[in-house]
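Student: Fold the following for me, if possible:
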Amino acid sequence: MCKITVLGAGNGGVTASYHFAKNGNQVCLFDFPEFSTQIKAINERSGIQALEEDHGCSMILPGFEKLVKATTDIKEAMDFSDVYVMICPSFAQEVFFKQMIPYLKDGQTIIVMPGNYGGLVLSQMKNLSDKADTDVTFVDAISIPWACRIVEPGIITIMGIKEFLPVSIYPVKNATEETIETIKSVLPIEIEILPNPVVAGLENINFGGHPLLTTLNMGILENFKGDFNYYKDCCSPATANAAARMDKERLSVGKAFGLKLRTELEAMNALYDCDFTTVYEFNRASSTHGKINSAPSSSKQRYITEDVPYLLVPCYELAKAAGLKVPIVESCITIASAYNDADYFKSGITLEKMGLNNMTREEIIELLKN
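Tutor: Have a look, this model is predicted:
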């Protein structure tokens, strides 16, 4: 049994808290006072309920679980445990970590789901703070284990769960057996250890599906308020072909840095124990992803606002460092920026934020190894 602090009370954070508790762990769930809806509801209900059925479909892991604590006090949350699972939109990682820095101490482990280069970014923040010498381990997961939703405050549905979860450990020197055992004791599924946070970022399976398909389908998404099944209805032979081309760009970036990456299809089949022959077939037929309508209804939702700046931009930045062109990735960032009157090239995860600016490709490779 572990003591675990979950940071972030969104879909993933509430589901993680429920599942961790269901596995017999002592759990504290934290979110900021301005986002206290779930915290208040969980305290009022004395726990979290997972439904057995939703929209006429059977859900997994139903039941009710109590938490030891649900709080909006960051000190209370940090004092509860030395193991932290941060599950929040990528843009909020730095917000959470800024509040965590005063309470950092040697030996703490921070699991970031999805990582999206968080191990590099948060480590850089630590190194620029008065906690620079504190030995903290950052674990980047490529995603969250669950396909899940909050139905109403304190009530969730879990549609499916991955077969395993690839994670990286940073700094690399902290990738010890003890650290690996800590991660295994926390996460409810098997883990696979990746070489570094760049692999974890490039292997996030949202890279291919979410930002490009959302960008290509924005008219119908907005006009019909997202009231259809995203994976079945937004993926067509043509859009799947474009996504496959973009996936080749991602793979080329990995190759330039000596990284062996799975293709999007290989990752999907492995994570969900499937044997589809194309990404198009997976999106159309996956039982996990086809249970409920979950399409975004505007360009202001996370398939654009998170996945473009925090998945596509770092890939584009790494491509530049390696002297590569990634035209589909660049085009998707450009169009998404136009949708939201933003400049994701500047606001996204840049080499500077990762602590890799002004470094050659060879220097980046050496840093990631050591």
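Student: And for Val253, the neighbour number?
Tutor: Using other Cβ atoms under 10 Å, the number of residues around Val253 comes to 24. The way it works is simple: take the backbone N, C-alpha and C, and place the C-beta from them, glycine included.
Student: Which of the helices or strands spans it?
Tutor: Per DSSP states H and E: Val253 is located in helix 237-256.
Student: Now the element after that helix, going C-ward?
Tutor: Helices and strands here follow DSSP H and E; after helix 237-256, the next one along the chain is helix 264-271.
Student: now that following helix against helix 237-256, angle please.
Tutor: If you take axes from the mean of the first three to the mean of the last three Cα atoms, to 10 degrees, helix 264-271 sits at 90 degrees to helix 237-256.
Student: Let me see the residues that make contact with the helix or strand just after helix 264-271.
Tutor: Remark: after helix 264-271, the chain's next helix or strand is helix 279-285, criterion DSSP H and E. Defining contact as Cβ atoms under 8 Å, 6 or more residues apart in numbering, one finds that helix 279-285 is touched by 208-209, 231-232, 234-237, 240, 243-244, 247, 264-265, 268-269, 274, 276, 289.
Student: do that again at 6 Å, thanks
Tutor: Tyr231, Lys232, Cys235, Ala240, Glu264, Leu265, Met268, Phe276 (Cβ atoms under 6 Å, 6 or more residues apart in numbering).
Student: send the alpha carbons of the helix holding Val253 over as CSV?
Tutor: Provided in CSV are the C-alpha atoms of helix 237-256 (Å, rounded to 0.1, in the frame of the first residue of the first chain):
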residue,chain,number,x,y,z
PRO,A,237,-9.4,7.5,-45.6
ALA,A,238,-8.0,10.9,-46.7
THR,A,239,-7.5,12.3,-43.1
ALA,A,240,-6.0,9.0,-42.1
ASN,A,241,-3.6,9.3,-45.0
ALA,A,242,-2.6,12.8,-43.9
ALA,A,243,-2.1,11.6,-40.4
ALA,A,244,0.1,8.8,-41.6
ARG,A,245,2.3,11.3,-43.5
MET,A,246,2.6,13.4,-40.3
ASP,A,247,3.5,10.3,-38.4
LYS,A,248,6.5,9.7,-40.8
GLU,A,249,7.7,13.2,-39.9
ARG,A,250,7.6,12.4,-36.2
LEU,A,251,9.5,9.1,-36.8
SER,A,252,12.1,11.0,-38.9
VAL,A,253,12.7,13.4,-35.9
GLY,A,254,13.2,10.4,-33.6
LYS,A,255,15.6,8.8,-36.0
ALA,A,256,17.7,12.0,-36.2
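Student: Would you map the helices across the stretch 251-370 of the chain?
Tutor: Counting by DSSP state H, counting those that start in this stretch, the stretch 251-370 of the chain has these helices, from start to end: 264-271, 279-285, 302-305, 307, 313-321, 327-339, 344-347, 361-369.
Student: Which elements pack onto the fifth one?
Tutor: Packed against helix 313-321, as judged by 3 or more Cβ pairs under 6 Å, 6 or more residues apart in numbering; DSSP states H and E, are the following elements: helix 237-256, helix 327-339.
Student: Kindly recompute the last result at 8 Å.
Tutor: Using 3 or more Cβ pairs under 8 Å, 6 or more residues apart in numbering; DSSP states H and E, the elements in contact with helix 313-321 are helix 197-202, helix 237-256, helix 327-339, helix 344-347, helix 361-369.
Student: Distance-wise, check the closest residue to Gln93 other than its chain neighbours relative to Lys353.
Tutor: Nearest non-adjacent residue to Gln93, counting by Cβ to Cβ, 6 or more residues apart in numbering: Gly118, 5.1 Å away. Plainly put, Gly118 is 10 Å away from Lys353 if you go by Cβ to Cβ, to the nearest Å.
Student: ok, back up a step: tell me which of the helices and strands packed on helix 313-321 sits most buried.
Tutor: Mean neighbour count, computed with mean count of other Cβ atoms under 10 Å, is highest for helix 197-202 among the helices and strands packed on helix 313-321, reaching a mean of 26.
Student: Return the distance of whichever helix or strand comes after that one from the chain's centre.
Tutor: Toward the C-terminus, helix 197-202 is succeeded by helix 206-216 as the next helix or strand (DSSP H and E). Offset of helix 206-216 from its chain centre (Cα atoms, centre = their mean, to the nearest Å): 15 Å.
Student: For helix 206-216, list the C-alpha coordinates in CSV.
Tutor: Extracted C-alpha coordinates of helix 206-216, given in CSV (Å, rounded to 0.1, in the frame of the first residue of the first chain):
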residue,chain,number,x,y,z
ASN,A,206,-2.4,11.9,-29.2
PHE,A,207,0.3,13.3,-31.5
GLY,A,208,-1.2,11.9,-34.7
GLY,A,209,-4.9,11.6,-34.1
HIS,A,210,-6.0,14.7,-32.0
PRO,A,211,-4.4,17.9,-33.5
LEU,A,212,-4.5,17.0,-37.2
LEU,A,213,-7.9,15.4,-37.3
THR,A,214,-9.4,18.2,-35.2
THR,A,215,-7.8,20.9,-37.5
LEU,A,216,-9.1,19.1,-40.6
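Student: So which elements touch that helix?
Tutor: Applying 3+ Cβ pairs under 8 Å, 6+ apart, one finds that helix 206-216 contacts helix 230-234, helix 237-256, helix 264-271, helix 279-285, helix 302-305, helix 307, helix 327-339.
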